[in-house]
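sharing a model prediction with you, sequence too.
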Amino acid sequence: MQKKISTENIKELRSKTGAGMTDCKKALEASGGQIDVAIENLRKKGLAFADKKASRITTEGLIETYVHSGSRLGVIIELNCETDFVARQATFQQLAKDIAMQIAACQNVQYVSIDQIPKDVKEYEQNIELQREDISGKPSDIQKKIASGRLEKRYKELSLMDQNFIKKSEITVEELIKRHIALLGENIQVRRFERFILGEGLKSKNNNFVQEVSSMIGSE
């Protein structure tokens, strides 16, 4: 039987490592509640102390682009770090390339994180969910509970940080960045990005760009 992890255990691990609450919970569950083992595992994954660096100012970095084969889909991204020294590192530059490719492969992604989704967009999505026919006949509290679960899923679809990394699906883009923060010793932030699709907004045949990018990645 798996040992129940208490909120106090999670807070203790977070205070010792600076890792996120979710990462701490997962680490404790995997270690059977052993704090020392959980700390070691977080360090191996590069998650320990990454959150503590998240408040540091990032004024350096680079602009990276990705253009899919056939030049019909392109992405431009600004990835920031703290120093020009790190910005010149091949590891940081490869991270920028990987994230740009990630954005190209995820058509639903519109924002860097859930926190950046505008209030009016969230209200719009909430109204849609609450008006769905399959929950209209249910009690109000049940409707809100079902809608809340669906909204959480929808917000994650819109958020880059919540996507599973296309080259290593067991981690998210947020976890990928945290590992690089631990590796390079600096705060790293995706500031902004833009996706360009040839002929977007014009009447044209539908091309499955996600499938194209995924196929190309798989053949590398």
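Nice, thanks for sending it over.

hey, let's count contacts and neighbours off CA atoms from now on
Noted.

SS state for the closest residue to E78 other than its chain neighbours?
Leaving aside its chain neighbours, E78 sits nearest to I63 (4.6 Å; criterion: CA to CA, 6 or more residues apart in numbering). Assigned state for I63: strand (three-state reduction, DSSP: H, G, I helix; E, B strand; the rest coil).

so which residue is dead centre in the protein?
When CA atoms, centre = their mean is applied to the chain, the residue found nearest the centroid is M161 (1.4 Å).

which residues touch that residue?
Counting by CA atoms under 8 Å, 6 or more residues apart in numbering, M161 touches 112-113, 172-174.

can you check I171 too?
Contact analysis of I171 by CA under 8 Å, 6+ apart lists 164-165.

wait, is it part of a strand?
Yes: judged by three-state DSSP, I171 forms part of a strand.

distance-wise, check it relative to M161.
Taking CA to CA, to the nearest Å as the measure, I171 falls 10 Å from M161.

I'd say Y155 and I114 touch.
Yes: under the criterion of CA atoms under 8 Å, Y155 makes contact with I114 at 6.1 Å.

point out where this protein drops to low pLDDT.
For the chain, the stretches with pLDDT under 70 are 1-3, 17-20, 43-55, 137, 203-220.

what about the strands in it?
60-67, 73-81, 164-165, 168-172, 189-197 (DSSP state E).
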